[in-house]
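Enquirer: quick one: sequence and predicted model below, then my questions.
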Amino acid sequence: MDRINVLIDKLEKEHILSQSEFAEIIRNHTPENDEYLFEKARTIREKVYGKAVYMRGLIEFTNYCKNDCLYCGIRRSAANAERYRLSEEQILDCAETGYKLGFRTFVLQGGEDNHYSDEMICNIVSEIKKRFPDCAVTLSIGEKSRESYEKYFSAGADRYLLRHETANEEHYGKLHPKELSLKNRKRCLSDLKDIGFQTGCGFMVGSPFQTAENLAEDLIYIHELQPHMVGIGPFIPHHDTPFRNEKAGTLEMTLLMLGLVRLTVPNVLLPATTALGTIHPKGREKGILAGANVVMPNLSPKDVRKKYLLYDNKICTGDEAAECIACLGRRISSVGYELVTDRGDFRK
Ligand code: 5AD
Ligand code: FES
């Protein structure tokens, strides 16, 4: 039998491979191997979650950021970014609109912006939970102290997303300024899990300097952490960053990683990301068929959408949330799945 398919079978059984085995798949896979992998990924995910694709309402509430990650369009030194902050009231209005549209999960995402104190974040979280008790609240606001994470959890936050970006120290150093470290990123992720958050890590595919071995390390780290969610999308250059002339990650490699993550953590909640939809018109549909089971349409007010640009050519920045839901519903049924509105909690 085909060597790569043998490795895929092994991963399906054991949920882990060695770094060199993962790297071998990443280097040598063919379209036939991919189909073999995706078929397995769909079967596993359907065993756990059926045909459901969960919807998360993304509220991008600030594009101020104190960090200077080299890939990111809202990095501190992106001088042309038009900065904005939503008030507490505007955030609650977004949630209200979202609730009426059927959303039962809100993801509050922003740059690392110290304008929002822990107290403000906790107020926003507890107010959303008070008004919409049947909803899950997810935070995605970066690296904080364990004490801050504990406060958010006590205020009622259910989930936290913090991509690790790359599990290799040296690679991490090439993507980030020296104040940031992989060690602290991993500390945050283990604190979050330990506190009781449904926790998400993740990485970009095709980021500058990334090797097959690096991607293999990402998979091994994910297996170690056992996150509830994994966010994976292609790297896409942003014109106002040092990586403006770098190549974007490919559809094919992103889909492969989605399939491999599904086999590594069978129960994982795995979004078909907006970045994937940006590099290919059918990217998100293909992501679902490779093992993804979440989509995250944008709920931010229309006038700020075009300002939260982590990368160039981002899709859906001109569409109302309602239009995105209708569009996503059609896209997802076109590949045989069903867009659902419940909280979509992690299943053991
Ligand atoms: N291309 C693709 N994804 C990006 N992100 C940041 N910048 C880019 C880019 N240029 C991702 C990072 C971050 C998440 C919110 O968005 O992985 O964690
Ligand atoms: Fe936003 Fe299609 S999902 S317009």
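Expert: Good, I have the coordinates. Ligands and ions are numbered 1, 2, ... in the order given.
Enquirer: so which bits of the chain are right by ligand 2?
Expert: 297, 316, 319, 323-324, 327-328 (C-beta under 6 Å from any ligand atom). All C-beta spots, glycine's among them, are computed from the backbone N, C-alpha and C.
Enquirer: contacts only, for the residue nearest to Val294 when sequence neighbours are not counted.
Expert: Once flanking residues are discounted, Val294 sits nearest to Pro271: 4.0 Å by C-beta to C-beta, 6 or more residues apart in numbering. Going by C-beta atoms under 8 Å, 6 or more residues apart in numbering, Pro271 touches 56, 229, 231-232, 287, 292, 294-296.
Enquirer: top of the residues you listed by neighbour count?
Expert: Ala292 (30 neighbours; other C-beta atoms under 10 Å).
Enquirer: my read is that residue is in a helix, agree?
Expert: No: with DSSP: H, G, I helix; E, B strand; the rest coil as the criterion, Ala292 is coil rather than part of a helix.
Enquirer: thought it was touching Leu270?
Expert: Yes: using C-beta atoms under 8 Å, Ala292 makes contact with Leu270 at a distance of 4.6 Å.
Enquirer: where do the contact lists of these two overlap?
Expert: 258, 262.
Enquirer: check which residues of stretch 158-170 are buried.
Expert: Within stretch 158-170, the residues that count as buried by 16 or more other C-beta atoms under 10 Å are 158-168.
Enquirer: and of those, the nearest to ligand 1?
Expert: Arg163 (3.6 Å; C-beta to the nearest ligand atom).
Enquirer: roughly how far apart are that closest one and Tyr337?
Expert: Going from Arg163 to Tyr337 by C-beta to C-beta, to the nearest Å gives 24 Å.
Enquirer: thought Phe209 was touching Asn168?
Expert: No: judged on C-beta under 8 Å, Phe209 makes no contact with Asn168 at a distance of 9.5 Å.
Enquirer: quick one, what contacts Ile220?
Expert: Neighbour list for Ile220: 16, 19, 22, 167 [criterion: C-beta under 8 Å, 6+ apart].
Enquirer: what about it, which SS state?
Expert: Assigned with three-state DSSP, Ile220 falls in the helix class.
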